[in-house]
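*Asks:* predicted model and sequence below, questions to follow.
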Amino acid sequence: MSLVSQNKINQLLLLGTRNGLFFSEWLKKNGYSDQLVSKYRQSGWLSTLAKGVMFRTGDVLSAYAALQCYNQQLGKEFRIAAHSALELFGFNHYVPMGKPLLMVGHTKQSIPEWMRSDTFDRTIKTFTTETFLIPQVITIQKDELSLLISTPEQAFMECLLLAPQQYNYIDLYYVMEQLTTLRSEVVQKLLETTKSLRVKRLFLYMAEKAGHYWFDMLDASKVALGTSKLQLVEGGIYVPKYKITIPKELHEYE
């Protein structure tokens, strides 16, 4: 390998995100041709994860780092969402069995092959939604990574959106009990602009049941809840105020 190639690979390895990914589109834009990258693979500096996706040989791939690289290198907006976002904010009720699950939300973006790989420290599971007309998403710093993530307010609503297939209603209520510091102004904005009637009704029911102080700061008159009845479960308890039929276990829990 020439001195120039050696310097370029050293620069790449130094600047790359530890335990993250390199995407061929980004490599080309930054002066690394297909031929040069092929030499790096042959020399054992880089390994291939999927077509057009590489990582530093020997790295233990991090799902967080991979997501940061994908967003930053290719201008994507895949976010850590639902219970995975809540965990990063310190709200954690779920105790995973085996490899942890990383829930990733997005809007009408194709799912790349590499996200389905089982080589990461977490299993990446994606979902798509356009329920949130004004998404409440921020960037946080964790372990020297910049991670796009749903705010706690939106993350919990995402959990409701994915229930009961992904989450159990009573388990989500246990999480709601922890959410003592949600910001009423963010909750209000989401409730007013979120499309899902089921999410809005369930959120308000659980927040009121939990007795959080921020619930009293909400203006429910500005939240369109619709008029139709929603049956969430068979043989449940009907709550007239929110026009939803909920699990008996949830209704009776104190």
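*Replies:* Now that the structure is in, tell me what you want to look at.

*Asks:* what residues go with each domain of the protein?
*Replies:* 3-56, 63-252 (automatic domain parsing).

*Asks:* got those as a markdown table, with mean pLDDT columns?
*Replies:* As requested, these are exported to a markdown table (pLDDT from 0 to 100):
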| stretch | mean pLDDT |
| --- | --- |
| domain 3-56 | 89 |
| domain 63-252 | 95 |
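
*Asks:* pick the most deeply packed of those.
*Replies:* domain 63-252 (a mean of 17; mean count of other Cβ atoms under 10 Å). Backbone N, C-alpha and C define where each C-beta goes, glycine included.

*Asks:* any idea how far that domain is from the middle of the chain?
*Replies:* 9 Å (Cα atoms, centre = their mean, to the nearest Å).

*Asks:* ok, Ala50 - contacts?
*Replies:* Pro112, Glu113, Trp114, Ser117 (Cβ atoms under 8 Å, 6 or more residues apart in numbering).

*Asks:* quick check: the second one touching Ile124?
*Replies:* No - using Cβ atoms under 8 Å as the test, Glu113 is too far from Ile124 to be in contact (11.5 Å).

*Asks:* so Val175 sits in a strand?
*Replies:* No - counting by DSSP: H, G, I helix; E, B strand; the rest coil, Val175 is located in no strand; its state is helix.

*Asks:* all strands of this protein, in order?
*Replies:* 22-23, 46-50, 53-56, 79-80, 101-106, 123-128, 137-142, 145-150, 230-231, 237-239, 244-246 (DSSP state E).

*Asks:* and the first one, what does it pack against?
*Replies:* The criterion is 3 or more Cβ pairs under 8 Å, 6 or more residues apart in numbering; DSSP states H and E, and the helices and strands that strand 22-23 contacts are strand 53-56, helix 63-74.

*Asks:* make TSV out of those and add distance to Leu160.
*Replies:* Converted to TSV, the helices and strands packed on strand 22-23 look like this (distance: least, Cβ to Cβ, whole Å):
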stretch	distance to Leu160
strand 53-56	33
helix 63-74	23
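
*Asks:* related to what we said a few turns ago, as CSV, the strands of the chain with distance to Tyr173 would be great.
*Replies:* Output for the strands of the chain, formatted as CSV (distance: least, Cβ to Cβ, whole Å):
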stretch, distance to Tyr173
strand 22-23, 41
strand 46-50, 39
strand 53-56, 40
strand 79-80, 22
strand 101-106, 19
strand 123-128, 21
strand 137-142, 25
strand 145-150, 19
strand 230-231, 17
strand 237-239, 13
strand 244-246, 10
